[in-house]
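Colleague: just coords:
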């Protein structure tokens, strides 16, 4: 792991900064926490996070652009889910860190 860290270039560092910026918003973090439970539609996410569909869609776009979430379309409905297990690990580790 230490070797990987030493090899990070400017573009990789900037990509990490963008990822943390995407995670660094209460509304977007609520969405991610909700999606730890699995794939959900925009309407379900908006309702659970007490947000408008418009605001939720905007937050989802940011998280998708940061490759934190993925989406799939089923008919007219978009379903969002965590992009991979790394995202889940980051969030779970951050929650554990609260107790430190």
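Modeller: Yes, it's here. Owing to the predicted nature of the structure, the values given are computational and were not obtained by experimental measurement. Numbering: from 1, shown residues only.

Colleague: And the strands in the chain, which stretches?
Modeller: 40-41, 69-74, 77-82 (DSSP state E).

Colleague: quick one: low-confidence parts of the protein?
Modeller: 1-6 (pLDDT under 70).

Colleague: What about the residue sitting nearest the centre point of it? Give its phi and psi, please.
Modeller: Residue closest to the mean C-alpha point of the chain, counted by CA atoms, centre = their mean, is residue 68 at 4.0 Å. With angles defined as degrees, to the nearest 10, residue 68 sits at phi -90, psi -30.

Colleague: Quick check: it vs residue 50, distance?
Modeller: 21 Å (CB to CB, to the nearest Å). For the C-beta atoms, the positions are set from N, CA and C on the backbone; glycine is no exception.

Colleague: Then residue 34?
Modeller: Looking at residue 34 against residue 50, where the rule is CB to CB, the gap reads 11 Å.

Colleague: Residue 77 too?
Modeller: 20 Å.

Colleague: Residue 99 now?
Modeller: 26 Å.

Colleague: Which one of these two is surrounded by more residues?
Modeller: residue 50 (9 against 5; other CB atoms under 10 Å).

Colleague: Contacts only, for the residue nearest to the centre of the chain.
Modeller: Contacts for residue 68 (CB atoms under 8 Å, 6 or more residues apart in numbering) come out as 19, 22, 23, 32, 82, 83, 87.

Colleague: Produce a ChimeraX select command limited to the buried residues of those.
Modeller: Applying 16 or more other CB atoms under 10 Å to those, the buried members can be selected in ChimeraX as follows:
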select :19,22,23,32,82,83,87
